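Q: here is a sequence with its predicted model. Questions after.
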Amino acid sequence: MTDLPPRPVTPASESQQANAMRVRDFQTLAGAGVVILIILAVIGQVGWIAAIAAGAAIVIFAALVFHGTALPSTAEDPDAAMLEARRKAEQEKQFRVRLVEALPEPAMYIDAQGKVEAANAQARKAFRFVVAEPQLTAVVRRPELLDAVAAARRTNQPQHFDIVERDETDRYLACAAAPLGAGVLVSMHDFTDIKRAEFARVDFLANASHELRTPLTSLSGFIETLRGPARDDAEARDRFLEIMQVQADRMKRLISDLLSLSRIELVEHRLPEGEADLAGVVKEVAAALAPVAADRGVTVRITGADQPILVTGIRDDLAQVVQNLIDNAVKYSEDKGVVEVELAAGLTGDAASASAGRRWEEAGHMSIVTGPGGARGARAMLRVTDAGPGIERQYLPRLSERFYRVDPGRGLRPGTGLGLAIVKHVVQRHRGELLVESEPGRGSAFGVVLPMAQG
């Protein structure tokens, strides 16, 4: 005896409709058979007893065939109903998963039990979780997000809220928690670029209006003097025009540095992409600054740049870092002094930090930018050392402030006071470290530690 193949399970409405059609077919066939038997009995071809027996047999056979081949109804089969419910639930879940993954910005779906049923790659990265379906409270510590999810589930209304992620570079997220089925869909829009553009515009206007006031006042005064008392004084005119040129050049440098700083701050929260050869950058910048160093009688000596040193970063931004550090070292070095530029690669984080800015036991030390905790991978180190007057320990914490200039006793040099601020923000964007150590009478050293490119 062979096993019969399993009967297909169809939805309740389809199986009931199919069975109803089969009932009508069997009724028609059975009725036709009975009518034929009656006609044969009337004309005497078949006896009445035989006709009745044959009709009963036809009806019973039709009923048995229908019962054996009828499609099961989910309303009559509990197992089939359970399977159908599971199938629908899985289809709905897959739809939600695909929906969340298709969204371009961080998104999560929280089910009725409070589990993260679906999350796209951006959300997993933002909240740093890798398990399949964790509890929301286990991966999210933001009370505003948890409260919004609870409120959306309770009121069945969308909830809107903002999140500010405080870090070395703040991020701003506009979020929504909307009911979807039995759960809640959480979506987030990063508007950090808009916020940073607002801050950059405000800072630029405030800084420009403050710092440009002095040179503009000076230029205005000299122009007024040249039009008045010094109109016919050729010697005074030449002297004043030279001073005016210096002030105009200072305004140009100031505006250029302010624009650079605003541009860097605007994208500081974005991780840099690509690779740059730090050794190549150092050699190019040193060659460009060679005339400046020669005018002051300063020698720039580079070590460790024989081989390429590939770091994760943006070449132009790193060139600004190197240029500011070497230019400062040249400006503050004594005549006929030496500026040491050292490079090293393949170091651990601790070794790179020690080599960049913790060598002199008697010097003051300061970490202006600290690298991210728990960072792994090899590091590259850049250290620029001058033999200038050095910086007193109490001034180190303010070195990267905008427009801050060390005390006049150290001897101010031409500059805008924005160079180290630019260095600081570039290093922060590259998730590196910026260190300084200085000892009066010995000089100063600025060190930068950067993550090497992953080959």
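A: Looks like it came in fine. Residues are numbered from 1 along each chain as shown.

Q: quick check: phi and psi on Q394?
A: phi -70, psi -20 (degrees, to the nearest 10).

Q: if I look at it, how far off is M366?
A: As defined by Cβ to Cβ, to the nearest Å, Q394 lies at a distance of 11 Å from M366. C-beta here means a position set from N, CA and C on the backbone, and glycine is covered the same way.

Q: and the two? Which one has more around it.
A: The neighbour count for Q394 versus M366, taken as other Cβ atoms under 10 Å, is higher for M366 (19 against 9).

Q: element containing that one, please.
A: For M366, the enclosing helix or strand under DSSP states H and E is strand 364-369.

Q: what strands line up against that strand, and which way round?
A: Looking at strand 364-369 with DSSP bridges, its partner strands are strand 433-439 (antiparallel).

Q: quick one: contacts of the partner strand?
A: Outside strand 433-439, the residues within contact range by Cβ atoms under 8 Å, 6 or more residues apart in numbering are 352-353, 356-360, 362-371, 390-393, 396, 399-400, 423-424, 427, 444-449.

Q: again with stretch 150-169
A: Contacts of stretch 150-169 from elsewhere in the structure, counted by Cβ under 8 Å, 6+ apart, are 112, 142, 144-145, 147-149, 170-179, 183-184, 188, 268-269, 369, 372, 428-429.

Q: again, 6 Å this time
A: Residues from elsewhere that reach stretch 150-169, judged by Cβ atoms under 6 Å, 6 or more residues apart in numbering: 142, 144, 148, 171-179, 184, 268-269, 428.

Q: ok, stretch 299-313 next?
A: 272, 275-279, 282-283, 286, 293, 338-345, 380, 430, 450-453.

Q: and Y172, helix, strand or coil?
A: Under DSSP: H, G, I helix; E, B strand; the rest coil, Y172 falls in the strand class.

Q: and it, how many residues sit next to it?
A: 17.

Q: likewise Y395?
A: Count around Y395 with other Cβ under 10 Å applied: 16.

Q: coming back round to it: just the ones of the contacts of stretch 150-169 in strands?
A: R171, Y172, L173, A174, C175, A176, A177, A178, P179, V184 (DSSP state E).

Q: ok, the spatially most central residue of the chain to H430 distance?
A: Most central in the chain under Cα atoms, centre = their mean is R270, positioned 6.1 Å from the mean C-alpha point. For R270, the distance to H430 (Cβ to Cβ) stands at 11 Å.

Q: same thing with A112?
A: According to Cβ to Cβ, A112 and H430 sit 44 Å apart.

Q: which one's more surrounded, these two?
A: The residue with more neighbours, out of A112 and H430, is H430; 25 against 11, by other Cβ under 10 Å.

Q: count the neighbours of the closest residue to the more buried one other than its chain neighbours for me.
A: Nearest residue to H430, sequence neighbours excluded (Cβ to Cβ, 6 or more residues apart in numbering): G313, at 4.9 Å. Residues near G313, counting by other Cβ under 10 Å, number 28.

Q: repeat for the one 3 residues further on
A: Each residue near D316 was counted by other Cβ under 10 Å, and the total is 10.

Q: how near is it to K336?
A: 32 Å.

Q: all the helices of the stretch 351-455 of the chain, residue numbers only.
A: 419-429 (DSSP state H, counting those that start in this stretch).

Q: quick one, strands of it?
A: Using DSSP state E, counting those that start in this stretch, the strands of the stretch 351-455 of the chain run over residues 364-369, 379-385, 433-439, 443-451.

Q: and for the stretch 101-250 of the chain?
A: Taking DSSP E, counting those that start in this stretch as the criterion, the stretch 101-250 of the chain contains strands spanning 107-110, 116-119, 159-165, 171-180, 183-190.

Q: now, the most widely separated pair of the contacts of stretch 150-169?
A: Farthest apart among the contacts of stretch 150-169 by Cβ to Cβ are P179 and Q428. That separation is 39.8 Å.

Q: kindly export the strand holding M366 (C-alpha atoms) in CSV.
A: What follows is strand 364-369, C-alpha atoms only, in CSV (Å, rounded to 0.1, in the frame of the first residue of the first chain):
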residue,chain,number,x,y,z
GLY,A,364,55.9,70.8,30.9
HIS,A,365,53.7,68.3,29.1
MET,A,366,50.1,68.7,27.7
SER,A,367,47.8,66.6,25.6
ILE,A,368,45.8,69.1,23.6
VAL,A,369,43.9,66.4,21.7
